[in-house]
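Colleague: below is the sequence, then the predicted model.
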Amino acid sequence: MKDAAIVSTARTPIGLAFRGSLNNIKSPTMMAHAIQHAVERSGVEAVEIDDVIVGAVLTGGTAGMNIGRLSSLAAGLPCSVSGQTIDRQCSSGLMAIATAAKQIIVDGMDIVVAGGQDNISAVQNQYLQWVADEKDPNVTRHAEHAYMPMLLTAENIINKFGISRQAQDEYALQSQMRTAAG
């Protein structure tokens with residue numbers, strides 16, 4: 001059995017939804033930044049990549065139409081590199097990485113790029129409103145909260161436990177500093 005290994009990583013800074021310096025960057029461009037740098041750091045030739053897998057919670061707005069494929073193209077990878085998107089809510093990025101490992105171990109692929117992205121600023125508010133308003137009764141009959149996006153879940157947790165904006169920003173900064181430290 002072939003082993004799978006992570007040979008390079010990259011990430012973008014954490015932004016502020018609907019404001020801040022990253023506010024107007026489209027989702028494929030944001031994810032492409034991480035893909036491009038991870039590929040460069042790995043020393044792998046782009047033409048050797050078999051697939052790009054991107055996990056995303058909300059695949060609307062600029063993250064629609066297969067963010068995995070669009071990010072691959074925005075990163076300058078050849079059109080011959082396929083791309084796919086996985087939506088498994090909060091574990092979407094992790095599922096993308098697990099799927100990449102499976103493609104290497106089981107499916108015989110050699111090089112797969114995987115990661116996750118959520119660019120809340122680039123998700124159209126109208127899309128979220130439609131999700132909130134237009135619910136399939138066959139789904140809600142079995143799970144009334146099935147259409148609650150993770151963003152609303154996070155807001156509910158913040159309110160329930162009284163987590164301040166400052167505490168969130170401090171945690172985000174700490175996360176960035178840990179990443180920078182390697």
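Modeller: Structure received. Numbering: from 1, shown residues only.
Colleague: over to the residue most central in space within the chain: give its phi and psi.
Modeller: Nearest to the mean C-alpha position of the chain, by CA atoms, centre = their mean, lies residue 117 at 1.9 Å. Per-residue torsions, residue 117: phi -150, psi 140 (degrees, to the nearest 10).
Colleague: which ones are touching it?
Modeller: Applying CB atoms under 8 Å, 6 or more residues apart in numbering, we find residue 117 in contact with 12, 27, 30, 31, 34, 54, 55, 56, 63, 67, 71, 93. C-beta: built from backbone N, CA, C; applies to glycine.
Colleague: kindly recompute the last result at 7 Å.
Modeller: With contact taken as CB atoms under 7 Å, 6 or more residues apart in numbering, residue 117 is in contact with 27, 30, 31, 54, 56, 67.
Colleague: again, but for residue 17
Modeller: Residue 17 neighbours (CB under 7 Å, 6+ apart): 120, 121.
Colleague: re earlier: can you tell me how far the residue nearest to the centre of the chain is from residue 55?
Modeller: Computed as CB to CB, to the nearest Å, the residue 117 to residue 55 distance reads 8 Å.
Colleague: before we move on, the earlier item: take the contacts of residue 117 and keep only those in strands.
Modeller: Using DSSP state E, the subset of the contacts of residue 117 located in strands is residue 54.
Colleague: in CSV: the contacts of residue 117, plus distance to residue 161, neighbour count and pLDDT.
Modeller: Listed next are the contacts of residue 117 as CSV, based on distance: CB to CB, whole Å; neighbours: other CB atoms under 10 Å; pLDDT from 0 to 100:
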residue, distance to residue 161, neighbour count, pLDDT
27, 29, 27, 90
30, 29, 23, 93
31, 30, 28, 94
54, 30, 30, 98
56, 26, 28, 94
67, 31, 30, 92
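Colleague: any idea which of the contacts of residue 117 is closest to residue 143?
Modeller: residue 56 (21.2 Å; CB to CB).
Colleague: residue 66 is in contact with the closest one, correct?
Modeller: No. Counting by CB atoms under 7 Å, residue 56 stays clear of residue 66, with 10.0 Å between them.
Colleague: so what sits against both of those two?
Modeller: residue 85.
Colleague: helices of the protein, start to end?
Modeller: Using DSSP state H, the helices of the chain run over 27-42, 67-74, 92-105, 125-133, 137-140, 150-161, 165-181.
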